[in-house]
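S.K.: One predicted model, sequence on top.
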Amino acid sequence: MNDKDGFKLFSRHSWRKELFILAEPFVTILIEKGARMMSETIRRYMACHMKAASFALHVANGVKRQLCQWDSTAIFYIDHHTNFFLLYGQAFGKPFQLLLTLAEVEVFKAEEPYALDRYIWRELREQGLPVGQID
């Protein structure tokens with residue numbers, strides 16, 4: 001319903017629906033950005049307060065989940081020893097292995113929260129896995 005000047009007239013409750021329809025894209029962006037910021041805050045907290053072995057295991061399990069999501073036939077093993085991790089397996093038909101010392105993990109934790117993730121993905125890419133550009 002329009003008035004004589006062409007402006008839309010709202011019933012008592014319809015303006016709320018119209019406002020929601022107009023605001024929905026902006027709310028979605030804010031929610032996504034807020035979730036991303038929360039995720040980064042949690043990861044920063046984890047990098048600062050978790051022990052190197054626990055943090056490395058958390059990151060390695062995330063890499064494992066992502067590889068298995070991209071390639072359902074992927075095989076990914078994580079061996080944890082006294083002062084190092086050995087990540088190995090096969091994905092996209094190519095074998096891979098990565099030795100990661102706890103001292104290296106401490107350096108990556110101190111650098112920034114996602115440095116270890118980027119290092120692992122970069123190493124996998126250099127071994128021939130088609131995991132895309134992570135940097």
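M.R.: Yep, it's here.
S.K.: show me where the protein has strands.
M.R.: With strands called from DSSP state E, the chain shows them at 75-80, 84-91, 94-101.
S.K.: Within the sheet, what are the partner strands of the shortest one, with directions?
M.R.: I take that to be strand 75-80. Strand 75-80 sits in its sheet next to strand 84-91 (antiparallel), going by DSSP bridges.
S.K.: quick check: domain ranges of this protein?
M.R.: Split into domains by automatic domain parsing, the chain comes to 12-49, 51-126.
S.K.: Which of the ones you listed comes out lowest on mean pLDDT?
M.R.: Note on the domains of the chain: lowest mean pLDDT is at domain 12-49, with a mean of 61.
S.K.: so which of the domains of the chain gets nearest Gly132?
M.R.: Nearest to Gly132 among those is domain 51-126 (7.7 Å), distances taken as C-beta to C-beta. Every residue, glycine included, has its C-beta placed from N, CA and C.
S.K.: Quick check: end-to-end length of that closest one?
M.R.: Domain 51-126 stretches 28 Å from its first residue to its last (C-alpha to C-alpha, to the nearest Å).
S.K.: and if you look at stretch 74-93?
M.R.: End-to-end for stretch 74-93, by C-alpha to C-alpha: 8 Å.
S.K.: what residues does that stretch touch?
M.R.: Outside stretch 74-93, the residues that touch it by C-beta atoms under 8 Å, 6 or more residues apart in numbering are 53, 56-57, 60-61, 63-64, 67-68, 70-71, 95-103, 105, 120, 124, 129-130.
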